[in-house]
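# Show me how the following folds:
(one chain, ligands or ions: 1)
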Amino acid sequence: MKFFIDTANLQQIKEAQDMGILDGVTTNPSLMAKEGITGHDNIIQHYIDICNIVDGDVSAEVIATDFEGIVKEGEALANLHEQIVVKVPMIREGVKAIKYFSDKGIKTNCTLVFSVGQALLAAKAGATYVSPFIGRLDDISSDGLSLITDIRQVYDNYDFDTQILAASIRHTMHVIDCARIGADVMTGPLSSIEGLLKHPLTDSGLEKFLADYRKTNS
Ligand code: G3P
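Numbers count the residues shown, from 1 in each chain. Next comes the predicted model:
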C-alpha cells in the first residue's frame, strides 16, 4: 500500500518524507489556498518545491473544465517535472482528457469520484489513479469505505490497472480500513499517518525497558 500525504504544506511533507514511509503527495486548489499559495507562478514553483522534497508521484490539479483547456494545462503541468501526475475532475470533458493523456503516456489522477460507475469510467479511460473521496461520503451519511470495497471488486473482476487512491481520508482508522479492503494507495493528512504509531502498551513498555536499564547500568 502506498502512502501519499494530502497537503501543500512543505513542512508536513518534509516530516512525512523524513519518516521514510512517504510514496507521494496529493494537492488540490483548496489545499494550495490554505497554504496561501496564489498566482500561477507561485503555484507552479510550489509544485516544483514539492517534487524536490519527495521521491514519488505528486498530483497537480487542473483548473480548466473544457477538454482543450484541461489538455493545455495538463501538458504544461506534466512538463514541469517527471513526478507530476495530472489531476483531472470526473466530468465528461475530464474523462476525454484522461484518455488523451493516457494515450500520450502522461500519468493522471481522476479526482472527485463518488460512485462505482465513475470509477469504472476512469479506469476505462486509462487513469493511473482514481480518487474516491471517502470522508466526504461519510459526511453525508453515506458509507465511504463500502465504495472502496465495491471499486476493488469491479477493478479485480476485469484486471484494470488503475490504482485505487483512497482520498478524503480523515483519520487513522480510515487508513487501516482501506488497507484491509485493499486500496492501492491512501492519501491523508499527516495526523492520519502519525496515528498509526500510537499504542499505550508501546509507550509503557518502552518506559519500563529504559527504567530497568537505568537501574542496572548507573
Ligand atoms: O484528496 C482529496 C482531499 O483533499 C479531500 O479531502 O478532507 O477536503 O474531504 P477533504
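
# Next, the residue most central in space within the chain: secondary structure please.
Nearest residue to the geometric centre of the chain (C-alpha atoms, centre = their mean): T187, 3.5 Å. What DSSP: H, G, I helix; E, B strand; the rest coil gives for T187 is strand.

# Surely it touches D6?
Yes - using C-beta atoms under 8 Å, T187 is in contact with D6, at 4.2 Å. Heads up, the C-betas are built off the backbone N, CA and C, glycines and all.

# Identify the contacts common to these two.
Contact criterion C-beta atoms under 8 Å, 6 or more residues apart in numbering; residues shared by T187 and D6: 26, 167, 169.

# What about the residues you listed, which are in strands?
Assignment to strands by DSSP state E places the following of the shared contacts of T187 and D6 there: T26.

# Not counting sequence-adjacent ones, nearest residue to G126?
Among residues not flanking G126 along the chain, S102 sits closest, at 3.0 Å (C-beta to C-beta, 6 or more residues apart in numbering).

# ok, the one you found - contacts?
Contacts of S102 by C-beta under 8 Å, 6+ apart are 108, 125-128.

# Which one (most neighbours) among those residues?
Greatest neighbour count in the contacts of S102, by other C-beta atoms under 10 Å, goes to A127: 32 neighbours.

# Specify the beta-bridge partners of the closest residue to it other than its chain neighbours.
Leaving aside its sequence neighbours, A127 sits nearest to C110 (C-beta to C-beta, 6+ apart; 4.2 Å). Counting by DSSP bridges, C110 forms beta bridges with V88, V130.

# just checking, C110 touches G126?
No - when contacts are counted by C-beta under 8 Å, C110 is not listed as touching G126 (9.8 Å).

# before we move on, back to that, let's see the helix or strand containing the residue nearest to G126 as PDB, backbone CA atoms only.
Assigning secondary structure by DSSP states H and E places S102 in helix 92-103. Only the C-alpha atoms of helix 92-103 are listed here, as PDB (Å, rounded to 0.1, in the frame of the first residue of the first chain):
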ATOM      1  CA  ARG A  92     -17.300  14.300 -19.300                       C
ATOM      2  CA  GLU A  93     -14.500  16.500 -20.600                       C
ATOM      3  CA  GLY A  94     -12.200  15.200 -17.900                       C
ATOM      4  CA  VAL A  95     -12.800  11.600 -18.900                       C
ATOM      5  CA  LYS A  96     -12.000  12.600 -22.500                       C
ATOM      6  CA  ALA A  97      -8.800  14.300 -21.400                       C
ATOM      7  CA  ILE A  98      -7.700  11.300 -19.200                       C
ATOM      8  CA  LYS A  99      -8.000   9.100 -22.300                       C
ATOM      9  CA  TYR A 100      -5.900  11.600 -24.300                       C
ATOM     10  CA  PHE A 101      -3.200  11.800 -21.500                       C
ATOM     11  CA  SER A 102      -3.200   8.000 -21.200                       C
ATOM     12  CA  ASP A 103      -2.600   7.600 -24.900                       C
END
